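Engineer: Provide a 3D model corresponding to the input given below.
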Amino acid sequence: MPAKTGTPAPAGFMWIEAAAKELRVQKCTLYKWRYRGIGPKAIRHAGRLMYAESAVKGYWADLIDAEQPTPLRAPRPHVAA
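Structural biologist: Predicted coordinates for the structure are as follows:
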């Protein structure tokens with residue numbers, strides 16, 4: 001039987017709702033990521049998906065580190081006058 005919504009997650013883990021809130025995405029996005037094999041690794045517990053807090057925070061940190069500032073426009077080639 002699935003765990004009820006108000007049931008606290010085991011220590012060091014968070015339910016999918018909390019992970020979605022932490023990553024600032026919708027719950028359905030996490031389901032899609034899981035299907036595609038991207039995003040933080042999820043495990044099933046008591047009939048529900050949950051994520052390790054360290055995996056969610058690590059995934060968030062990796063996204064921030066991978067983000068490169070994009071120039072507002074492409075650099076112009078040097079034109080000899």
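Engineer: the helix or strand of the chain with the lowest mean pLDDT - contacts with which helices or strands?
Structural biologist: Least confident helix or strand of the chain, by mean pLDDT, DSSP states H and E, is helix 53-66 with a mean of 85. Using 3 or more Cβ pairs under 8 Å, 6 or more residues apart in numbering; DSSP states H and E as the contact test, the elements touching helix 53-66 are strand 13-15, helix 16-23. Bear in mind the C-beta positions are built from the backbone N, C-alpha and C, glycine included.
Engineer: report the distance from the longest one to the chain centre.
Structural biologist: Spelled out, it's helix 16-23. 8 Å (Cα atoms, centre = their mean, to the nearest Å).
Engineer: what angle do that helix and helix 53-66 make?
Structural biologist: 30 degrees (axes from the mean of the first three to the mean of the last three Cα atoms, to 10 degrees).
Engineer: now helix 16-23: buried residues?
Structural biologist: Neighbour-count burial for helix 16-23, counted by 16 or more other Cβ atoms under 10 Å, picks out 16, 19-20, 22-23.
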